[in-house]
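**Student:** Predicted model and sequence below, questions to follow.
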Amino acid sequence: MNWLNDIIGVINNYLWSYVLIVMLIGIGLWFTVRTRFVQIRCIPEMFRLMTEGAGAKPREGHISTFQAFCVSTASRVGVGNIAGIAIAVATGGPGAVFWMWVIATIGAASGFVESTLAQIYKAPRKGGGFVGGPAYYIGNVIGSSFFASVFAVLLAVTYGLIFNSVQANTISLSMQTSFDFDTQMTGLAIAGFTALVIFGGLTRIAKVVGVMVPVMAGAYILVALAVTALNITMVPEVLVTIVRCAFDFDAVLGAGFGMALMTGIKRGLFSNEAGMGAVPNAAATADATHPAKQGLVQALGVYFDTLVVCTASAMLVLLTPGWADSGKTGIELIQQTLTGQLGTWTNAFMSVTVLFFAFSSIIGNYFYGEINMDFISRHPAALWIYRAFVVMMVYLGSVASLGLVWNLADLFMALMAIVNLVAIAILGKYAFIALDDYVSQKKRGILNPEFDPSVMPNHRGILCWPRHKEEEIEQC
């Protein structure tokens, strides 16, 4: 099967190095201009909505805006935010971090548009709550049932099955390395906990990640801040190095500049997932009063992923003298840094951190898969079969080698992203209208804007608005 792996690898390299980079950056810049830099001018409102949502209690059977944010964060903030960033810095140099920041800023505009569209075109879910995402706005608004189904299948397989097997593999290897745990026993334990959470449905998942994400991310960021505080005098020098290496004139004509640029762009795109079509699946489930609210909250999620968590990992590496000559990369480089700065107890801390980051990604990824299974088939047996396959893949991922599987995941994700990017480029104008309506209501002094679909020139695919009475939601 090596020949198949090689072919898929070549296709992935072409898609990720050329097609997706051009599409993601080009569409992101277009959305930035058309929304008049929504990802920058609305940052105060993003934080206000996040604070407001964290204290709100969702209605029975529904998911709050904060819980939807935590679900999307659980999925995209994974082990890659630790190991992947260390590899990016070791490969592309400090300048790669700067280009990650740039990509996050551009991508936040795409994140706003796709999540706002998901809210506008969400659908009622049997038993209460909402579902939605690219499969729904591609099928119900654009009218392409074929590409909607293709997207739904790609996402359900990629996130629910393949990515989850990779995350389980990471947990298993980490537990074996740190505590000499048997991979089969670890696999059974992870599969058991996964089943316990996902068989409770979307609402239970939202509640679990609503607690897990703030704790795991908060603990990791606090440790990174502790290391930063111990090396506070080096911080200005590190920041200058990041910017200087991003525009190193000595390397512009050589491999240095290009490596920093491409590494930063690719790592940024992989990490924040803006425009790729995954996050809107979580955004659609939020019980918001206006679609733009969840668009703004999820745009903030792009910043949180890259500017906070990824930057924390980068600083852990760059604040350690001699990191470039250590010969280590990935988790090993981070662990070496923490051990030297804070002591050997951090080895156990990193193992637990990897466990929490990876497990939260497993249940966050499954959340996306279940939403798309609701689109693929509403037969009750289909969902239970899918859940069984997810649990099985979590176990198999803990004990198996995943080289070909990982390459397939990259290919499926690239195809999924291309379908979504074409869709949001077509439908983006409706997100712009929703944003203008939200801003207009805020300017008129309305503290909590309500979305009225009458502002839309086309009502096709709008199933759950207006949101005024509980019975309207149940009958939408």
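**Tutor:** Noted; the coordinates are in hand. This is a predicted model, so every value here is computed, not measured.
**Student:** I'd like the average pLDDT over the longest helix along the chain.
**Tutor:** For the chain, the helix that runs over the most residues, judged by DSSP state H, is helix 403-443. In this model, helix 403-443 carries a mean pLDDT of 90.
**Student:** Kindly indicate whether A288 is helix, strand or coil.
**Tutor:** With DSSP: H, G, I helix; E, B strand; the rest coil as the basis, A288 sits in coil.
**Student:** okay, and the helix or strand of this structure with the least pLDDT?
**Tutor:** In the chain, the helix or strand scored least confidently by mean pLDDT, DSSP states H and E is helix 470-475, which has a mean of 40.
**Student:** Pull out the buried residues from the strand or helix carrying L49.
**Tutor:** Taking DSSP states H and E as the criterion, L49 maps to helix 43-54. For helix 43-54, the neighbour count (16 or more other Cβ atoms under 10 Å) marks E45, M46, L49, M50, G53 as buried. Backbone N, C-alpha and C define where each C-beta goes, glycine included.
**Student:** one step back: could you check the angle the longest helix of the chain makes with helix 43-54?
**Tutor:** 100 degrees (axes from the mean of the first three to the mean of the last three Cα atoms, to 10 degrees).
**Student:** What is helix 403-443 packed up against?
**Tutor:** Secondary-structure packing of helix 403-443 (3 or more Cβ pairs under 8 Å, 6 or more residues apart in numbering; DSSP states H and E): helix 2-14, helix 20-34, helix 95-120, helix 134-137, helix 145-157, helix 164-179, helix 291-303.
**Student:** so V243 touches F98, yeah?
**Tutor:** Yes. Here V243 reaches F98: they are 5.7 Å apart, a contact under Cβ atoms under 8 Å.
**Student:** Neighbour count: these two, which is higher?
**Tutor:** F98 (21 against 14; other Cβ atoms under 10 Å).
**Student:** That one contacts T241, correct?
**Tutor:** No. Using Cβ under 8 Å, F98 is not in contact with T241; the gap is 9.9 Å.
**Student:** OK, contacts around the residue positioned nearest the centre of the chain?
**Tutor:** The C-alpha lying nearest the average C-alpha coordinate of the chain belongs to R76 (Cα atoms, centre = their mean; 2.9 Å). Contacts here follow Cβ atoms under 8 Å, 6 or more residues apart in numbering; on that basis R76 touches S271, N272, E273, A278, V279, G301, D305, G364.
**Student:** tell me the phi and psi of the last one?
**Tutor:** Here the main-chain torsion angles of G364 (degrees, to the nearest 10) amount to phi -70, psi -40.
**Student:** surely it meets A68?
**Tutor:** No. Applying Cβ under 8 Å as the test, G364 and A68 come out as separate, 11.0 Å apart.
**Student:** okay, and the common contacts of those two?
**Tutor:** Residues touching both G364 and A68 by Cβ under 8 Å, 6+ apart: A282.
**Student:** And the two? Which one has more around it.
**Tutor:** A68 (33 against 30).
**Student:** Give the helix, strand or coil label for the more buried one.
**Tutor:** The three-state label given to A68 by three-state DSSP is helix.
**Student:** my read: it touches P280, true?
**Tutor:** No. At 10.3 Å, A68 does not count as touching P280 under the criterion of Cβ under 8 Å.
**Student:** Need the overlap of contacts for those two.
**Tutor:** Shared contacts of A68 and P280 (Cβ under 8 Å, 6+ apart): Q298.
**Student:** element containing the nearest residue to T73 once chain neighbours are set aside?
**Tutor:** Take T73 and drop its neighbours on the chain: the residue closest to it by Cβ to Cβ, 6 or more residues apart in numbering is V213, 5.1 Å away. Using DSSP H and E, V213 falls within helix 201-230.
**Student:** How far off centre is that helix?
**Tutor:** The chain centroid and the centroid of helix 201-230 are separated by 15 Å under Cα atoms, centre = their mean, to the nearest Å.
**Student:** Give the buried residues for it.
**Tutor:** 201-203, 205-210, 212-213, 216-217, 220, 223-224, 227-228.
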